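S.K.: here's a sequence, model it:
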Amino acid sequence: MQNIEPTWILLGTIAWLLIWGILGGVRTPNVYRLKNLNPEGTRVVGIFAGMLGGPILLIPLWYFTPVVSSRVTAVFAILLTIALYRVFALYDPDNLCVTNFNYVVNQTANGLQIGFIYALMAVGLTLIYGIQGVISFAHGQHYMIGGFISFFFLKWMAESVGLPINPLWGILVAGIGTAVLGLIFEPLFLRPMHLGQIERPGEYAILVTFGLAFLLENTTLSIVGPFPQKAPGYTPGLGMVNLGPWLLGSLELGPIRLVADRLVAAGASVLLIGLLLLFLNRTWIGRALRAVSMDKQAAAVAGVNPLRMNTLAFGIGTMLAGMSGAALVPIFSWVPWIGVEAAGRSFVIIVLGGLGSVPGALVGGLIIGLVEAMGTACFPDPTRGLAYKTAFGLVIFALMLLFRPTGLFGRKES
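M.R.: Numbers count the residues shown, from 1 in each chain. Take a look at the predicted model:
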């Protein structure tokens, strides 16, 4: 009987979440409309309230119909997360995420570090969409190209020049290389669409960026081969020498141990995102890019050339993708098809954060990094957790499309 009990806990929880979540999501907006109140955001609150407390929370919500704000939604989300964690503890009491707090803290730190690098990649894609209204399906391949540019640059410097250098220089070189690719591709293939020379621009943009993705991936495969490559670490050969709280190769802060390579890559990503935000908000060109994203015609009247801004945005977007790949090539093994998974992850992040929102891409990257890290670490079967890594992000993607299609920071089209 003890072997069956956890299964019943899981099935009962799923049934409760589905029944009361659906009822709360369907009924709550209708109640607000019947009382001539604004129903915006009430569907999500109704779902969370139903999942969390069933009729105990839904009946007062329908009776009092309080004003729904982002804070109310956040409170319900936090309480629901705590409740689900308690149910998970009953289902799998021996899981490390239940029994070992330090393990949870370390996995959270790992998720945040990778999340910043994911965010750097997604910021480039959301910038392209915000300026051009185009989703680049070659974004993952630019990420892949950036990793290989960094790898071969570092290899050339070490073997041919005889000057081994830190992979941070590879990030800079990869950014330049992928930016050049973007600055060449956009005027040749996307500008005709903006000039009105293409009858069906939406379909054209999908096909031409897909074509670029296939070209980059298969060309790279034919040149470098299918074998995994990996660049030297940011702190190579230093080992784990104890220097108090600092370790060469890692950093220890209380229960948290941060791997040096991931920490350096995350720090570089934070720096680059910060520089991008300063560029967009403090420089004339950055303000011009933002103006074009808001209203191309008004920006043109003010003296901004939208075509040049389109090219610049695409170049910056591909540059950020390449730099994020270069940041990760010392950490993960690199193969020509690694961009496919990266592209899918970028799409999930920008939908989660809101299409065209740079802050949304940053928050979305952190959320996906945390979800993947915690999902992999806390999966009941440790041998299968890594296999479902991508699936955890896709679950968040599906939930966001269901509950808030505009994303966390997205705006509804007027």
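S.K.: where does pLDDT dip in the chain?
M.R.: 1-6, 236-250, 411-414 (pLDDT under 70).
S.K.: domain ranges for it?
M.R.: 5-91, 97-403 (automatic domain parsing).
S.K.: Serialize these to a markdown table and add fields for mean neighbour count and distance to residue 410.
M.R.: All C-beta spots, glycine's among them, are computed from the backbone N, C-alpha and C. A markdown table is the format used below for the domains of the chain (neighbours: other C-beta atoms under 10 Å; distance: least, C-beta to C-beta, whole Å):
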| stretch | mean neighbour count | distance to residue 410 |
| --- | --- | --- |
| domain 5-91 | 16 | 13 |
| domain 97-403 | 19 | 3 |
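S.K.: ok, now which ones touch the closest residue to residue 132 other than its chain neighbours?
M.R.: Using C-beta to C-beta, 6 or more residues apart in numbering and skipping the chain neighbours, the partner closest in space to residue 132 is residue 310 (5.3 Å). Contacts for residue 310 (C-beta atoms under 8 Å, 6 or more residues apart in numbering) come out as 131, 132, 186, 190, 191, 194, 292.
S.K.: tell me the secondary structure at residue 310.
M.R.: helix (DSSP: H, G, I helix; E, B strand; the rest coil).
S.K.: could you check how far it is from residue 191?
M.R.: Distance, residue 310 to residue 191, by C-beta to C-beta, to the nearest Å: 7 Å.
S.K.: can you check residue 298 too?
M.R.: Residue 298 sits 20 Å away from residue 191, going by C-beta to C-beta.
S.K.: please save the CA atoms from stretch 346-363 in PDB.
M.R.: Taking C-alpha atoms only, stretch 346-363 is exported to PDB below (Å, rounded to 0.1, in the frame of the first residue of the first chain):
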ATOM      1  CA  SER A 346      15.200  31.500 -27.800                       C
ATOM      2  CA  PHE A 347      11.600  31.400 -29.200                       C
ATOM      3  CA  VAL A 348      10.400  30.100 -25.800                       C
ATOM      4  CA  ILE A 349      12.200  32.900 -24.000                       C
ATOM      5  CA  ILE A 350      10.900  35.800 -26.200                       C
ATOM      6  CA  VAL A 351       7.300  34.500 -26.000                       C
ATOM      7  CA  LEU A 352       7.600  34.200 -22.300                       C
ATOM      8  CA  GLY A 353       9.000  37.700 -21.900                       C
ATOM      9  CA  GLY A 354       6.900  39.300 -24.600                       C
ATOM     10  CA  LEU A 355       7.800  39.800 -28.300                       C
ATOM     11  CA  GLY A 356      10.000  42.800 -28.800                       C
ATOM     12  CA  SER A 357      10.700  43.400 -25.100                       C
ATOM     13  CA  VAL A 358      14.400  43.500 -24.200                       C
ATOM     14  CA  PRO A 359      13.700  43.400 -20.400                       C
ATOM     15  CA  GLY A 360      11.200  40.600 -21.100                       C
ATOM     16  CA  ALA A 361      13.900  38.600 -22.800                       C
ATOM     17  CA  LEU A 362      16.200  39.100 -19.800                       C
ATOM     18  CA  VAL A 363      13.500  37.900 -17.400                       C
END
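S.K.: which residues touch that stretch?
M.R.: 118-119, 121-123, 125-127, 129-130, 135, 139-140, 143, 273, 276-277, 280, 293, 321, 364-365, 367-368, 393-394, 396-397, 400-401, 406-411.
S.K.: pull the contacting residues for the most centrally placed residue in the chain.
M.R.: Geometric centre of the chain, nearest residue: residue 365, 3.0 Å, by C-alpha atoms, centre = their mean. Counting by C-beta under 8 Å, 6+ apart, residue 365 touches 115, 116, 117, 118, 119, 120, 121, 122, 123, 349, 353.
S.K.: close enough to count as contact, the third one and residue 265?
M.R.: Yes. In this structure residue 117 lies within contact range of residue 265 using C-beta atoms under 8 Å: 5.7 Å.
S.K.: if we can go back for a sec, in TSV, list the contacts of residue 310 along with distance to residue 169 and secondary structure.
M.R.: TSV is the format used below for the contacts of residue 310 (distance: C-beta to C-beta, whole Å; DSSP: H, G, I helix; E, B strand; the rest coil):
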residue	distance to residue 169	secondary structure
131	29	helix
132	31	helix
186	27	helix
190	31	helix
191	33	helix
194	35	helix
292	33	helix
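S.K.: of those residues, closest to residue 326?
M.R.: For the contacts of residue 310, the minimum distance to residue 326 (C-beta to C-beta) is 21.0 Å, reached by residue 186.
S.K.: shouldn't that closest one be in contact with residue 316?
M.R.: No. Contact criterion C-beta under 8 Å: residue 186 and residue 316 do not qualify, at 10.8 Å.
S.K.: endpoints of stretch 291-310, how far apart?
M.R.: Distance between the two ends of stretch 291-310: 12 Å, counting by C-alpha to C-alpha, to the nearest Å.
S.K.: ok, which stretches of the stretch 251-400 of the chain are helices?
M.R.: 260-282, 284-294, 296-301, 306-328, 338-353, 358-378, 389-403 (DSSP state H, counting those that start in this stretch).
S.K.: could you dump these to CSV with distance to residue 157?
M.R.: Shown next, in CSV, are the helices of the stretch 251-400 of the chain (distance: least, C-beta to C-beta, whole Å):
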stretch, distance to residue 157
helix 260-282, 18
helix 284-294, 32
helix 296-301, 42
helix 306-328, 14
helix 338-353, 23
helix 358-378, 30
helix 389-403, 33
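S.K.: for residue 8, find the nearest of those.
M.R.: helix 358-378 (20.5 Å).
S.K.: report the angle between the axes of the closest one and helix 338-353?
M.R.: Taking axes from the mean of the first three to the mean of the last three C-alpha atoms, to 10 degrees, one finds helix 358-378 and helix 338-353 inclined to each other by 110 degrees.
S.K.: starting at the chain centroid, how far to helix 358-378?
M.R.: 6 Å (C-alpha atoms, centre = their mean, to the nearest Å).
S.K.: do stretch 347-359 as well
M.R.: 8 Å.
S.K.: from residue 92, how far off is residue 209?
M.R.: From residue 209 to residue 92 the distance is 43 Å (C-beta to C-beta).
S.K.: elements contacting the strand or helix carrying residue 156?
M.R.: Per DSSP states H and E: residue 156 is located in helix 139-159. Using 3 or more C-beta pairs under 8 Å, 6 or more residues apart in numbering; DSSP states H and E, the elements in contact with helix 139-159 are helix 101-132, helix 167-185, helix 201-224, helix 306-328, helix 338-353.
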